[in-house]
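Trainee: structure for this input, please:
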Amino acid sequence: MRPAFDLMIISDGGPDLVARCQRALAGALPGRVALQLRERTLDEPALHALGHALRAITHTHGVLLLVNDRIDLARAIKADGVHLPERNCSPRKARSQLGTEALVGVSRHDARGLAESADEGADYATLSPVHAVEGKAPALGIAGFAALCRAAQLPVYALGGVRVEDVPALREAGARGIAVIREVLAAADPAARTGQLIRAFDRR
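Mentor: Below you'll find the model as predicted:
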């Protein structure tokens with residue numbers, strides 16, 4: 001399934017996540033945004049409660065909900081799909097468990113990973129890091145991202161320190177969309193920043 005969204009907002013593990021997501025999605029246009037639930041420290045009851053809360057919010061705003069890593073959780077909360085880190089199960093296996101209507105995305109960092117993901121039937125990949133991010137691989141830069149993105153055989157989303165001012169260049173580099181964490185959820189006005197990112201992606 002080809003992804004229709006332009007902006008993916010990834011949860012950041014911080015406090016008051018539901019309230020901040022609610023504010024961020026107030027600036028979303030239906031069909032243009034996906035929210036990825038990526039919380040790694042919560043216990044099972046808290047994680048499921050959070051998933052159901054975010055499912056309700058995303059339904060209200062016409063936003064897709066993706067779950068990082070956890071196929072079982074995606075099924076339990078009726079998410080729209082999963083996002084698989086590297087060294088997780090294959091996109092093909094995830095789709096066999098979730099059905100053909102589910103979105104299956106992956107995190108990748110190089111040409112080999114992008115090629116393998118396309119062969120395994122992933123719907124899209126995030127490619128990172130565009131800019132330097134502490135604890136991550138060396139930055140690709142816009143030019144490096146462009147070279148990998150244009151050769152990819154599946155839609156690619158730019159991730160890693162992406163800012164509003166980067167969006168036009170990333171779009172011209174071939175990005176299907178952008179993925180952000182703090183750029184939205186740590187903003188003083190998350191709804192306004194969501195709207196700014198979508199408008200920046202629309203500019204020609």
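Trainee: elements contacting the particular helix or strand that has residue 147 in it?
Mentor: For residue 147, the element it lies in under DSSP states H and E is helix 141-151. Helix 141-151 is packed against helix 111-119, strand 124-127, strand 156-159, helix 167-172, with contacts defined by 3 or more CB pairs under 8 Å, 6 or more residues apart in numbering; DSSP states H and E. All C-beta spots, glycine's among them, are computed from the backbone N, C-alpha and C.
Trainee: so how far is residue 131 from residue 181?
Mentor: Applying CB to CB, to the nearest Å, the value for residue 181 to residue 131 is 12 Å.
Trainee: one step back: quick check: buried residues in the helix holding residue 147?
Mentor: If you call a residue buried by 16 or more other CB atoms under 10 Å, then helix 141-151 has these buried ones: 142, 145, 146, 148, 149.
Trainee: now find how far off-centre it is within its chain.
Mentor: Helix 141-151 sits 18 Å away from the centroid of its parent chain (CA atoms, centre = their mean, to the nearest Å).
Trainee: what does stretch 67-77 give?
Mentor: Worked out by CA atoms, centre = their mean, stretch 67-77 lies 15 Å from the chain centre.
Trainee: and that stretch, average pLDDT?
Mentor: Stretch 67-77 carries an average pLDDT of 97.
Trainee: for it, measure first residue to last.
Mentor: With CA to CA, to the nearest Å as the measure, stretch 67-77 spans 9 Å from end to end.
Trainee: what about the closest residue in space to residue 141 that isn't next to it in sequence, how many neighbours?
Mentor: Once flanking residues are discounted, residue 141 sits nearest to residue 130: 7.2 Å by CB to CB, 6 or more residues apart in numbering. Around residue 130 there are 25 other residues, counting by other CB atoms under 10 Å.
Trainee: just residue 121 next, same as before
Mentor: Neighbours of residue 121 (other CB under 10 Å): 14.
Trainee: list the buried ones in the helix ranked longest in the chain?
Mentor: Ranked by residue count and defined by DSSP state H, the top helix of the chain is helix 44-61. The neighbour-count check on helix 44-61 (16+ other CB under 10 Å) flags 47, 50, 51, 53, 54, 55, 57, 58, 61 as buried.
Trainee: what helices or strands is it leaning on?
Mentor: Right, helix 44-61 is packed against helix 17-25, strand 33-37, strand 64-68, helix 71-76 by 3+ CB pairs under 8 Å, 6+ apart.
Trainee: which strands and helices sit next to the longest one?
Mentor: Looking back up the chat, that one is helix 17-25. Helix 17-25 packs on strand 7-10, strand 33-37, helix 44-61, helix 182-185, helix 190-202, going by 3+ CB pairs under 8 Å, 6+ apart.
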